[in-house]
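S.K.: What follows is a predicted protein model with its sequence.
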Amino acid sequence: MSSAHPPSPTENVATAPVVDACASCSVYRAANLKKLGVAMEDWDFVVALAGNPNTGKSTVFNALTGLRQHTGNWPGKTVARAEGGYAYGDHRFKLVDLPGTYSLLSTSLDEQIARDFILFGQPDVTVIVADATRLERNLNLVLQILEITDRAVVCLNLMDEARRHGITVDDRQLARDLGVPVVPASARFGRGLPELLQAINEVATGQVVCRPQRLETVPAAIRPALTAVVGELEAAYPNLPNPRWVALRLLSGDESMVDALRGGQLGTLHSLATTESNKE
Amino acid sequence: MPPSPSQPASQSDQILAAAKQWRQQIPGDLHEHVVEAIYGQAARIAERSVSSPSQAARPTFDRSLDHILTSKLWGFPIMILLFAVMFWITITGANIPSAWLSWLLIDQGHSWLRGIFQSVGSPEWLTGFVVDGMYLATAWVVSVMLPPMAIFFPLFTLLEDFGYLPRVAFNLDRLFKVSGGHGKQAMTTMMGFGCNAAGVVATRIIDSPRERLLAIITNNFALCNGRWPTQFLIATVFLGSLVPAVLAGLVAAAAVTSVAMLGVLLTFLVSWGLSRTLLKGEVSTFSLELPPYRPPRFWQTLYTSLIDRTLFVLWRAVVFALPAGAVIWLVANVYVGGESLAEHFIRVADPLGLFIGLNGVILLAYVIAIPANEIVIPTVLMLTVMTTGLQDVGAGTGVMFELQSGDAVGQLLTAGGWTTLTAVNLMLFSLLHNPCSTTIYTIYRETGSAKWTMVSTLLPLALGFVVCALTAWGWRLLSVAPG
Amino acid sequence: MNHALPVVASLIAMAVVFWPRYGLWARWQLAQELARRIRREDALKHLIKSEANGRVATLNSLAGALQISAANAASLLEELEERELVTFEDGRPLLRPAGRAMALHVVRAHRLWESYLAEQTGVPELEWHPRAEEREHLLTPEEADALAARLGHPTRDPHGDVIPPPHGDLEGDPGQSLNTAAPQTPVLITHIEDEPDTVYRQLVALGLRPGMRAFVIEKTPSRVRFWVDGNEQILAPILAQNVFVRPLPEFRTEDLVEEEFLSGLKPQARTRVIGLSPACRGQERRRLLDLGFVPGTVVEVEMISPAGDPTAYRVRGTIVALRREQANLIRVSSKEASDR
Ligand SMILES: Nc1nc2c(ncn2[C@@H]2O[C@H](COP(=O)(O)OP(=O)(O)OP(=O)(O)O)[C@@H](O)[C@H]2O)c(=O)[nH]1
Ligand SMILES: [Mg+2]
């Protein structure tokens, strides 16, 4: 299974069931995909499509669900959440296309839908669509999302453009640095999508466990405050998956996070996390 | 503070109190510290995995094109020219499929359907209601609306996919700023070209509430799906016919461009006015990412946007034109005191209509067409037949009859008392009247305010009356003076 | 029959006047009560501000600040004492805890409201203060907290004043006035006094804002010549008196002179971001940071709109268009940046 597959940056915890040798060739896997359009009453996993504006999220969405969500070459084309479905292997996935966003830290209204869904929609897998020609800028959001969740896949889109401009991206190095699967793709031409489907599937089913890169250097100015609040949080919720992020949001006075804490959702969030990890 | 259901209240309160206290101790802006740290890390990671030829990696093609498309000299002329060319292609290209569809659906389809109804012995009122009302209205909408839209929108989508639209916003931002608006209002206006309801939803990209309201209120000044065909048809039939045939397409395209530009001009003026009255305030900030140019996939775009447009227009036709057709038939055939409802209304509205250079028929058509602008022209034609008593042209009262070519439309309307002024004012009124009901509802949903919904609905209507009245007045002055 | 009409009419008139809550009389009373409360709160505000700035509040200073007669000021102070908001020590009014809390809330509400107007409404700068003067009396402490949360808990208002935390202390002393700053020493503008209005208007018109960096070049009795954020400016001492500054020991004057603003960048020029000016606040600041305008980033002018504004910059591989006012808030180095 792993011979033809790019070496996964993350360890394969559960060994995948043995399948025939062709399992890794794209034809086979693409045939595995069934586009479900809007018909998705019961699904096994919810997958969110996040990313900076104009990186091709809706294009990926259309390619996987067979829907015709509007796309256009300008940032801000999608302003509302769109949902569609596909089946891959034995599982049914609900795919959620989100408006583009530059950052999860801001409070701007136009980015609220995406921010809220990534933070509180509790997707099983978050696919971060990044623009390969402007990777550094896109990593800003990638790193923020990786602070929150450890079930993410980076879709390195627009590879054709990058190639045309002579930019090469070492996706294995990137995967190692980020600690999540990185899949190069050109969504517009359908390239890389079989690999993306597989990566989503593996992360969703827990065959691949991500070890996402968290912010390595906390700025000195906020370190004492952050440490203190993280300490309080960890004492109260020992299993919280992302105490540092929650602490950051509390420190910046994010109301939705304050409400979550007061309303006890943080409790459910953390109990969810524990049941998930028990399952594995 | 309500006690939390799952954790003891004191615990979450304690955390919150700690956060609150520590917040005061952080020097400067927390967000700033974090973003800087993240960018630092992003740069380190990117450096390890990305190799690009040189820092100045921006393609020379993009760069030179941008310098032309946003140049002082060429920026604005190219913008106008591009739209004019799109209109011209639409006008000249739509003629043939329009004639063909109208032959198929109206000449053939109508009599065929009528034949079927008669052969199964359906009573005349039912045949009239279904075939002459509902079917014909729908068939008209399809044959008049579909071809221009199926040409215009693929063209527009090509521009959009190429990446030209943000450049328009970039070029126009200064004007929006002066009028108190946001540069992205240009984007939402262009989205309004497809459908005003979609344009209103698109205003979500504008972060500042004040400027977003401006964009919502002025979105109606962007001609939409349902109104472009009216423009194309009237411009071709009345204005194109004023000049030799070779120039007809050009003149018609120029006329439509002028109306579209008037819409843009009014967007500025109304934004300016509102910014100084109801929506007082200073302009906020504007930041817009200009994407790289991307070669659109020609055939794919053509195909999807054709399918999308066709489905959209057909769907609207069925949803709105069908019942509207029935309403038209009813108002023309329900008699009160020896006069049909339509005649009552037209008699009352005629003086006002004529005063503003239109007529009662057009006003009634706009009342019936509140659900969808698409049905204005069919309604106007049908009502004109009825009032001019040209029974021999059509098949009967309240029946939208067969007219293969634009010439016939022109002859009919001229017989109905139309002049060039009526045509010009219809084009203006089509730009300036209340939004369709879907848009009104969308505005209400997006603003959550009855007040702003009212303003967005009535303001364009009032403007329409004023502009038409002024045009009529000026026109009469000019045409009387020489004689 | 004929008598009924006048009776009904006078009944209606009575109802209009005396109807509980909504009648004219009730409204008038409410307005009176509000006016009295506003005066009380303004008096408390005067006391807390005097105290924070180490000045002694007196009957006369109160009368002057509220522009009322000394007799009225005296009865006002009496009323405050009756309500146990103020005590007297050596004949001087002092705040009691309840009075202090109330005063603090009013100051907090005022500064929060100014921040809100500045960041989220597009209300012209000159109207911030007068509008906040009204609103400060209408916000409840809960509303003030909600507003603070919505604004992301700002610590300073747009004039550079510290917004006091709900139960904290009022920080006084915005620094020294520009008049008294030593020449050739870098300073940070911390505060632009918004009273009197005429002076404030002139300072705003000159573009002076808290957060700008400055140093005095030369001082004469009739004028102060100083360098501020890329420009030289001259102020009469009476105006300079309302500009408050604090020293910036970590900078040399050369550092300041080397700073430029992105708006001053020539076409095709390339430079490095030093930071965002503190005058760039709230949402706008976050957006610019998210777009990549962080210290050390290389920016380059790509193109200018045909109308002269906005300008498109290349930053971290993307073209971003900004209006001149925004580019004016991004400090860049005056030295040409080379490739990274
Ligand atoms: N060359 C190339 N272009 C692509 C690719 N994927 C998407 N695009 C184009 O990129 C543009 C943006 O695509 P969208 O799917 O609308 O982007 P998005 O991320 O949904 O954008 P927002 O909704 O605005 O956030 C469109 O013009 C697409 O045709 C790709 O793999 N290669
Ligand atoms: Mg999208």
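M.R.: Alright, I've got the coordinates. Ligands and ions are numbered 1, 2, ... in the order given.
S.K.: where in the chain is pLDDT low?
M.R.: Just so you know, I chose chain A. Within chain A, the stretches with pLDDT under 70 are A:1-31, A:39-40, A:265-280.
S.K.: Chain C is the one I meant
M.R.: Applying pLDDT under 70 to chain C flags residues C:1-2, C:122, C:172-174, C:337-340.
S.K.: what residues go with each domain of it?
M.R.: Chain C breaks down into these domains under automatic domain parsing: C:24-95, C:176-257, C:259-337.
S.K.: residues near residue C:134, how many?
M.R.: The tally of other residues near residue C:134 (other Cβ atoms under 10 Å in any protein chain shown) stands at 11. (C-beta placed from N, C-alpha, C; glycine too.)
S.K.: gap between it and residue C:38?
M.R.: Going from residue C:134 to residue C:38 by Cβ to Cβ, to the nearest Å gives 9 Å.
S.K.: cool, residue B:137 as well?
M.R.: For residue B:137, the distance to residue C:38 equals 64 Å [Cβ to Cβ].
S.K.: Looking only at neighbour counts, state which of these two leads.
M.R.: Neighbours were tallied for residue B:137 and for residue C:38 using other Cβ under 10 Å; the higher tally belongs to residue B:137 (28 against 16).
S.K.: which residue packs closest to that one, ignoring adjacent ones?
M.R.: Spatial nearest neighbour of residue B:137, excluding adjacent residues (Cβ to Cβ, 6 or more residues apart in numbering or on different chains): residue B:325 at 2.7 Å.
S.K.: Against which helices or strands is the strand or helix carrying the one you found packed?
M.R.: For residue B:325, the element it lies in under DSSP states H and E is helix B:322-333. Packing contacts for helix B:322-333, counted by 3 or more Cβ pairs under 8 Å, 6 or more residues apart in numbering or on different chains; DSSP states H and E, involve helix B:136-162, strand B:339-340, helix B:341-355, helix B:360-368, helix B:376-388.
S.K.: and residue 131, what is it in contact with?
M.R.: You didn't pick a chain, so chain A it is. For residue A:131, the contacting residues are A:51-52, A:54-56, A:137-138, A:157-158, by Cβ atoms under 8 Å, 6 or more residues apart in numbering or on different chains.
S.K.: not quite, I wanted chain B
M.R.: Applying Cβ under 8 Å, 6+ apart to residue B:131 gives the contacts B:110, B:113-114, B:117.
S.K.: burial count for residue C:323?
M.R.: 22.
S.K.: phi, psi of it?
M.R.: Per-residue torsions, residue C:323: phi -80, psi 160 (degrees, to the nearest 10).
S.K.: What separation do you get for the closest residue to it other than its chain neighbours and residue B:66?
M.R.: Distances taken as Cβ to Cβ, 6+ apart place residue C:310 nearest to residue C:323, at 4.6 Å, with adjacent residues excluded. Distance of residue C:310 to residue B:66, given as Cβ to Cβ: 14 Å.
S.K.: where do the strands sit along chain C?
M.R.: For chain C, applying DSSP state E gives strands covering C:86-89, C:92-95, C:176-177, C:187-192, C:213-220, C:223-228, C:231-235, C:243-247, C:259-261, C:270-276, C:298-304, C:311-315, C:318-322, C:330-333.
S.K.: Looking at those strands, which is nearest to residue C:168?
M.R.: Between residue C:168 and the strands of chain C, the shortest gap by Cβ to Cβ is with strand C:92-95, which sits at 14.6 Å.
S.K.: Other residues contacting the host helix or strand of residue A:160?
M.R.: Using DSSP H and E, residue A:160 falls within helix A:159-164. Residues outside helix A:159-164 that contact it (Cβ under 8 Å, 6+ apart): A:132-133, A:168-169, A:184-186, A:188-189, A:191-192, B:292, B:294.
S.K.: Intersect these with the contacts of chain C.
M.R.: residue A:133 (Cβ under 8 Å from any Cβ of the partner chain).
S.K.: what's the span of stretch B:178-192, first residue to last?
M.R.: Taking Cα to Cα, to the nearest Å, stretch B:178-192 runs 22 Å from one end to the other.
S.K.: quick revisit: which of the domains of chain C sits most buried?
M.R.: With neighbours taken as mean count of other Cβ atoms under 10 Å in any protein chain shown, the domains of chain C reach their highest mean count in domain C:259-337, at a mean of 20.
S.K.: near ligand 1 at all, that one?
M.R.: No. Using Cβ under 6 Å from any ligand atom, domain C:259-337 stays clear of ligand 1, with a minimum separation of 13.5 Å.
S.K.: Output the contacts of residue B:131 as a markdown table; include the columns pLDDT and distance to ligand 2.
M.R.: Below are the contacts of residue B:131 laid out as a markdown table (pLDDT from 0 to 100; distance: Cβ to the ion, whole Å):
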| residue | pLDDT | distance to ligand 2 |
| --- | --- | --- |
| B:110 | 85 | 43 |
| B:113 | 90 | 43 |
| B:114 | 87 | 47 |
| B:117 | 90 | 47 |
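S.K.: Which of those sits closest to chain C?
M.R.: Taking Cβ to the nearest Cβ as the measure, chain C lies nearest residue B:110 of those, at 51.8 Å.
S.K.: what's the neighbour count on that closest one?
M.R.: Neighbour count of residue B:110, defined by other Cβ under 10 Å: 20.
S.K.: One more: residue B:64?
M.R.: As a burial measure, residue B:64 scores 10 neighbours (other Cβ under 10 Å).
S.K.: Enumerate every residue touching it.
M.R.: For residue B:64, the contact set (Cβ under 8 Å, 6+ apart) is empty.
S.K.: Also residue C:278?
M.R.: Applying Cβ under 8 Å, 6+ apart, we find residue C:278 in contact with C:160, C:210-211.
S.K.: Quick one: the helices in the stretch 51-200 of chain C, in order.
M.R.: Here the stretch 51-200 of chain C has its helices, by DSSP state H, counting those that start in this stretch, at C:59-66, C:70-82, C:97-120, C:125-135, C:141-150, C:197-205.
S.K.: Which elements pack onto the longest one?
M.R.: Spelled out, that is helix C:97-120. Packed against helix C:97-120, as judged by 3+ Cβ pairs under 8 Å, 6+ apart, are the following elements: helix C:24-52, helix C:125-135, helix C:141-150, helix C:282-290.
S.K.: Distance-wise, check residue B:441 relative to chain C.
M.R.: 27 Å (Cβ to the nearest Cβ, to the nearest Å).
S.K.: what kind of secondary structure is that residue in?
M.R.: helix (DSSP: H, G, I helix; E, B strand; the rest coil).
S.K.: Can you report how many residues lie near it?
M.R.: Counted with other Cβ under 10 Å, residue B:441 comes out at 14.
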